[in-house]
Structures are given as structure tokens and as C-alpha cells.
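*Asks:* Build me a model:
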Amino acid sequence: MNHRYWFRTRPLFSPLPQPKQKKTPFVHRVGGFLYRGLKRLCMAMGAMLLLSILASGFMASLISGQSTVQALPDKMVLSLSLEGEFSDYSTPSPYSLGMKPHFRHIIDAIDHAQTDHRVKGVLLSSGGASLSLAQMQELRGAIRRFRASGKPAWFYAESMDAGLGNYYLASAADQIWMQPVGSLAIGGLRAEMPYARHLLDKLGVEPQFFARKEYKDVFSTFSEKEMNKNTRESVNLILSDISTAMITDIEVDRKLDAGNFLQFMNKAVLTDQEALHSGLIDKLDYFDVLKKDIRVTVTGSDDVKAMKFVRLSRYMDDLHKHSLQGELALKPVKIALVYAVGTIVSDDDIAMSSSGYSAYYGGPMASAKDLAKEIEEAARKDDIKAIVVRIDSPGGSPTASETIRRALAFAQQNGKKVVVSMGGTAASGGYWIAASADRIYAMPMTITGSIGVAGGKFVFAELWKKIGVHWDDIQIGSNADLYSPNQPYSEAGRERMNAMMDSIYAAFITRVAEGRKLPVERVDEIARGRVWTGQTALSIGLVDEIGTLNDALDHAAILAGLRSRREAGILIIPREKTPFEKLTELLDMQVRVGEGLSAQAALAQWLTPLLSSYSNAHYMTRENLNLQ
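*Replies:* Residues are numbered from 1 along each chain as shown. I've put the predicted structure just below:
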């Protein structure tokens, strides 16, 4: 075009012509869109996380400030709602800025309240709590000690439908109140176990498992079609031990004649009036009426200002701030309290679990590597004179259990006394790590023993045939297929598995014999994979004494030259992080998350031209195919 002509013919105020833009390729547009969207998402998520952190920090400081400013009243009744899980120890989470109380803290708070002149009583309310039988016994013991100090305890439920365990706990109180039209379910104890062998046979799945010995039935639910005589014998004895202990305690606390409660239990469910007239509960009325009755009993009037109901959690916070803060540093002699809670696993098992929970047993996992490291560090400290191990574990890996046992042996070699306190369960691998302790405590209803080993695999060969899948293989080594789910064990493979089972079982009973100072032959008689209650375990020599965690701590203190646990500083392992440490960790996590998301956004931007090249190559390939 002639530029002079263009200037002459163009109107003075017309817009300048825009240069023709090259059309952006489709892949570029998609990549750009994804990049911008991801970038905005990163910014939005970062803002939300920051707001969440600030809000959490504000609430934590606000709650802390309120707890500091508001003193507890001069007259109060502590209230404990039995709901949720009461863990011996829970894995610290950076997303929870508060410090979760352990079950021991609840027991300690109730014990402390015995001599606190401000506390006039304890009110428990039913809420479907998840408590082991051993924890029920321990909490009942604390309530009974509280009552023995001359202070009353009440229990309230809208309806007592949670079974015999719920009533067992309630019976420790002076008075049991229930809302009208509620019911009392006390239908005894029942164990039901599914057996899936028929189903697996139909599917073409063959369970091939080995056990040492006949009572080790951990995989029998897959390998058998019904309960075998050994399992029936073992479970029947456990239920008999537990029911006898519960019925005896209930009849003593409710002042019933021997055998009376069994008659009521055989009815399974009682109406509200039946429960009242039988003497199993004391009053049918509403919660507000109970609270009014408590106020009148404590103060002589119904003035709500004269007495307050204070949550036990708030009372524990107050104890921590005024009595326990700085206690550890002031006491020269310390006891390490190690929590081995959950399935005992190696670090590899934890790494393979995305949830942090055991796939087979369910529940949390205890890292052998982490626990062993902290035990060995405690063993090297001069001010730590004893180690108490609180075990609540169904077992786990033999090698992981041996790692923890060896760390405890190292502590003993360094002059530390080791005392074990068994919680709800300390079986199999849980007993493996307990066996060599200087003293073992258990509750009567603790589930322990299971000294044995089991292992094997499922074989899917027939299933593949049924659905038309053929697996081919190349093998170097006559037993390379030992762990293959596509091939059954060969005779040589069975020989290897049996050798492995025998070796582990022999190592297990040898360690028990050495730790418990019993002949190996005697240990073999009471082992064989059999499960026992703590009460029976005491009579056969697997535990030394019936007692709580605090009893174990008291004994450790005596071994350390002190009079009781109150003279020692208790060092918790694994140590729970403070709220500030959790907040710092959370901030660090968010920074790493933000960096990761930003890296993804940058990657998307970087991939845009690569996607374009791939697109061009794709078209070229298609054109070549067409040409052929």
C-alpha cells in the first residue's frame, strides 16, 4: 500500500488499524487456561489456609486467655460426658492446636479431685464412649476411690442401650438416673466371628496359611468354615472371666445378693419401670431435675450461682497450668513413659499406608524405629532412672517387635528399670516387647498372650481361570514363587514356610522363658498362640501383678529410689508437641504445600509448548498413516 495515499484518504479521527494477530493454537489456549486456573487456585487455597491458621491461632489464644482469666469456682461438680474415644495415646496432629488429654490424665484429674475442697462431686453422663474393658475397670476404680473420699458420684443416661459394659461403668456411681421411657440393655456378652471359607471356595480363592500353634487363629476366619474347638475353648474362657468379673463388681456396688444380677441379665432388656423396681437404677427423671437435685444436695438451695458444673476437661487444663507446668524440670529424677499403641510395624509398613492406619487390624500403628530410637535416647540420660512402657497393641511384625524389645534390653543394660503396664490389649507382638520387663502389670480384663506366629498367602489361581485371565511367568530360583499369589505353595515352599514359622515361634517362647524366668517347656504349654485375660495371665505367670498405669509408675518410682510417681518427673514418649510447635509445623506444611502447588503451576506453563509439539507430532503421524 502507498503510505502517502493512506494518510490522505484516512479520516482524521478514525482508529488506527490493528495488525493482524496470529491465531493462538488450541493446545496453547488450553495450557494457558489450565495455568491461569491452577495459579488462581493456589492463591485461593493459600488465602484460605492462612485464614484458617490465623483463626485457629486466635481461637486457641482466646480459649487459653479465658482459661487463664476465669478462675474455677469455689464450689463445683465435675462433669464428664462419656463420648468419643478415650485413647491411651493419640498421634499428635498439627491440625489440632490443642493438646489432647490422655486417658491417664482423666484418671489423675479424678484422683486429684478427691482432696480438692472445691470439688463436691462428679457427674458422668452416657454418650456412647469407645472404651476398652480394661479402661472401664480403670475408670471405675477412679470413681470408687473418689467415692471412698466421702464425695458423691452420679451417672445419667437418657437410655442405657449400649450394653452390659455401659451399665458396668455406671454401677460405680452412688446414684444412677435414667430418663423416663428409656430402657436398660444388659444382655450379657457374645462373641461372633465370620468365616468366609465357603465364599472364597466359590470365588476360587484358596487361603494357604501356617500357624504356630493350634490356638493361633488370626487367619482362621479365612481358612476355616466354622469355629474350631481350640478357638471355642479359648474365647469361652475369656468371656467367662470377663462376665464373672463384671457381675461380681456390679453386685457389690449395687448391693445385690449373689446371683441376682444374672437373673436380670438373662432378660437382656428391662423397661424403665423394671429397671427401677429391680434396684438397678435409682431414679427415673430428667437431666435438669438431676442437676437441681445435685445443687440442693451440695449447697442446700437451688441457687445456680451457689455451685457450678465444670467440665472435667477444663479442670484438667487448670491442673496443667497451675500444678504441672514446669514440674518436669524441677524434679531431678525422671521416669520415661513410653506409649506403644497400635499395630507394631516397621517404618516401611507406615510408608506404604497412606492413612497411617493398619490395613488388617485397623487403628493406629506404632513405629518400631521411632520408639526404639527414643527408648535408646532415654537409656543414655542420667536423670531417667526407669522406663514404663504402656502397651495397647494387638501385635504386628515379629521383627518390629524385636526392634523395640532390643531397645528395652539396651536400657536395662544401661541400668534402667523397665516396667510394663498393659492396657486393653497386649497380645502377640505386644507381649513380645513386654516379656523381658522387670515387672508386668495388667488389668483383670486385659487381653494378652497370643504367644505364637501366623503367616501365608491367598492363592488366586482358580479365580483367574474362572474369569479368563492367564498369568505366564519366568522364574530363576526354585522358590522364587514363594510369595506369588498366583501359585500355590510347592512342597519345597511349604517346607520353607514351616521352617520360618518354627524359627519365629522358638525365638518367641525363648524370649518369654528368659524374661519370665520359666522353663521353655512350661512357656510352650501356656503359649501355643492362646489368648488369656489379665486375671488368668497372672495365675499362669505371664504377668506379675494386677494394677493400673499409675500402679506401674509408682512401682517404677520405688525402683528408682523414690516413694511414689508424684516425686518423679514423667517424660512422655513419643512427646506430644506444644500448641506453638504444632502451629509452626502447620505453617511449614502450608509453605511446602504452596511451593508444591506453585511448582505444579509452573510445570503446566512449561508443558504448554511441549504439548503443542506433541500435538504437531500427533498430526504428522496421522498424516503419515494416511499416506500409507
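*Asks:* how many neighbours does residue 477 have?
*Replies:* 7 (other Cβ atoms under 10 Å). (Each C-beta comes from the backbone N, C-alpha and C, glycine too.)
*Asks:* Grab the most central residue of this protein for me.
*Replies:* residue 364 (4.5 Å; Cα atoms, centre = their mean).
*Asks:* Bridged to that one, which residues?
*Replies:* Beta bridges link residue 364 to residue 357, judged by DSSP bridges.
*Asks:* What separation do you get for it and residue 486?
*Replies:* With distances taken as Cβ to Cβ, to the nearest Å, residue 364 is found 33 Å from residue 486.
*Asks:* What of residue 160?
*Replies:* Counting by Cβ to Cβ - residue 160 and residue 486 are separated by 52 Å.
*Asks:* unless I'm mixing things up, residue 520 is touching residue 511, no?
*Replies:* No: the pair residue 520 / residue 511 is not scored as a contact, 10.3 Å apart, by Cβ atoms under 8 Å.
*Asks:* between the two, which one's more packed in?
*Replies:* Between residue 520 and residue 511, counting by other Cβ under 10 Å, residue 511 is the more crowded of the two (21 against 14).
*Asks:* Could you check how many residues crowd around the nearest residue to that one once chain neighbours are set aside?
*Replies:* Computed as Cβ to Cβ, 6 or more residues apart in numbering, the closest residue to residue 511 that is not its neighbour in sequence is residue 435, at 5.3 Å. Using other Cβ under 10 Å, residue 435 has 23 neighbouring residues.
*Asks:* where does the stretch 201-350 of the chain dip in pLDDT?
*Replies:* Scanning the stretch 201-350 of the chain with the threshold set as pLDDT under 70 gives 322-329, 348-350.
*Asks:* What ranges does it have for its strands?
*Replies:* Applying DSSP state E, counting those that start in this stretch to the stretch 201-350 of the chain gives strands spanning 206-212, 269-271, 283-284, 308-311, 334-341, 343-345.
*Asks:* swap in the stretch 501-628 of the chain?
*Replies:* With DSSP E, counting those that start in this stretch as the criterion, the stretch 501-628 of the chain has strands spanning 531-533, 545-546, 569-573.
*Asks:* out of those, deepest packed?
*Replies:* strand 531-533 (a mean of 25; mean count of other Cβ atoms under 10 Å).
*Asks:* Residues contacting that strand, please?
*Replies:* Strand 531-533 is contacted from outside by 215, 234, 237-238, 241-242, 427, 444-450, 526, 540, 542, using Cβ atoms under 8 Å, 6 or more residues apart in numbering.
*Asks:* at 6 Å instead, please
*Replies:* Residues outside strand 531-533 that contact it (Cβ atoms under 6 Å, 6 or more residues apart in numbering): 234, 238, 241, 448, 449, 450.
*Asks:* what's the answer for stretch 537-555, then?
*Replies:* Under Cβ under 6 Å, 6+ apart, the answer for stretch 537-555 is 104, 138, 388, 390, 419, 421, 439-442, 444, 448, 516, 518, 526, 564-565.
*Asks:* is it true that residue 197 touches residue 225?
*Replies:* Yes: if you go by Cβ atoms under 6 Å, residue 197 and residue 225 touch, sitting 4.4 Å apart.
*Asks:* Looking only at neighbour counts, state which of those two leads.
*Replies:* Neighbour count, other Cβ under 10 Å: between residue 197 and residue 225, residue 197 has more, with 17 against 13.
*Asks:* before we move on, what SS does residue 456 have?
*Replies:* For residue 456, the secondary-structure state derived from DSSP: H, G, I helix; E, B strand; the rest coil is strand.
*Asks:* show me the contacts for it.
*Replies:* 208, 209, 210.
*Asks:* now residue 386
*Replies:* Residues near residue 386 by Cβ under 6 Å, 6+ apart: 335, 416, 417, 556, 559, 560.
*Asks:* In the beta-sheet assignment, what are the partners of the first one?
*Replies:* Right, the one you point to is residue 335. residue 386, residue 570.
*Asks:* got the contact list for it?
*Replies:* Here residue 335 is in contact with 386, 556, 568, 570 (criterion: Cβ under 6 Å, 6+ apart).
*Asks:* Not counting residues beside it along the chain, what's closest to the second one?
*Replies:* Spatial nearest neighbour of residue 556, excluding adjacent residues (Cβ to Cβ, 6+ apart): residue 386 at 3.9 Å.
*Asks:* quick one: the one you found from residue 393, how far?
*Replies:* 21 Å.
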